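[1] Here's my sequence, what's the structure:
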Amino acid sequence: MIKEVVDKQVVELKKLWANKRQLLFQCLNLAMIVFSALMIWKGLMFVTKSESPVVVVLSGSMEPAFQRGDILFLNNAVEQVGVGDVVVFKIKDRDIPIVHRIMKVHTKPDDTVELLTKGDNNRVDDRGLYAPGQLWLKREDILGKAVGTLRYVGMVTIALNDYPVLKYVLVGMMGLFVLTSKEG
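    Numbering: from 1, shown residues only. Okay, the predicted model is just below:
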């Protein structure tokens, strides 16, 4: 069965290579799909005012509220965040954002707000995770407040990050199928 599909794709690729106009058309179709996805992502960034409007929970630190592999939808357009809100924040010099709950809000006399976070499944607050010498998060460290979730859908992302070869095989196969698919 798999051999038949592969053989069929090879035949279609040979036909496509022979017809340069069709090859160009299919490449443009593929580019349109990629650019459409990028435009949707940029649109979400604009609407939510977050550099990362969708994130995947990578650890079990927020169980039972969120499981590893859950997808969270973020909104950073809200000015106020308070105790009990689940937020995603980024620490200086770290690439991966963290999903945790706000435990304390500290307002200074000059009206600047400082936040202390903690994972629901962790015993201690996040001061050990913050940058050296940092005791509180600032509002600008917050990427967004969690406003929605899709359970376990992000496990695909985790698998693709754990096994990078799988990512390249999957992207290659999708590109192949888009290039060799028939129109109308």
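[2] which strands and helices sit next to the lengthiest helix in the chain?
    When the chain is parsed with DSSP state H, its longest helix is helix 20-48. Helix 20-48 makes packing contacts with helix 2-18, helix 164-180 when contacts are defined by 3 or more Cβ pairs under 8 Å, 6 or more residues apart in numbering; DSSP states H and E. For glycine as for every other residue, the C-beta is placed from the backbone atoms N, C-alpha and C.
[3] Output the contacting helices and strands for the first one.
    Under the contact criterion of 3+ Cβ pairs under 8 Å, 6+ apart, helix 2-18 touches helix 20-48, helix 164-180.
[4] What is the subsequent helix or strand relative to the longest one?
    Okay, so that is helix 20-48. strand 54-56 (DSSP states H and E).
[5] which SS state does residue 88 fall under?
    Three-state assignment for residue 88 (DSSP: H, G, I helix; E, B strand; the rest coil): strand.
[6] surely it meets residue 52?
    Yes: using Cβ atoms under 8 Å, residue 88 is in contact with residue 52, at 7.2 Å.
[7] which one of those two has more residues nearby?
    Relative neighbour count places residue 88 above the other of residue 88 and residue 52, with 21 against 17, counting by other Cβ atoms under 10 Å.
[8] what do residue 88 and residue 52 both touch?
    Common neighbours of residue 88 and residue 52 (criterion: Cβ atoms under 8 Å, 6 or more residues apart in numbering): 74, 97, 143, 144.
[9] Which single one of those residues is nearest to residue 164?
    residue 97 (20.3 Å; Cβ to Cβ).
[10] who touches the closest one in this structure?
    Going by Cβ under 8 Å, 6+ apart, residue 97 touches 52, 55, 88, 89, 90, 143.
[11] try it again with 10 Å
    Applying Cβ atoms under 10 Å, 6 or more residues apart in numbering to residue 97 gives the contacts 51-52, 55, 58, 74, 87-91, 141-144.
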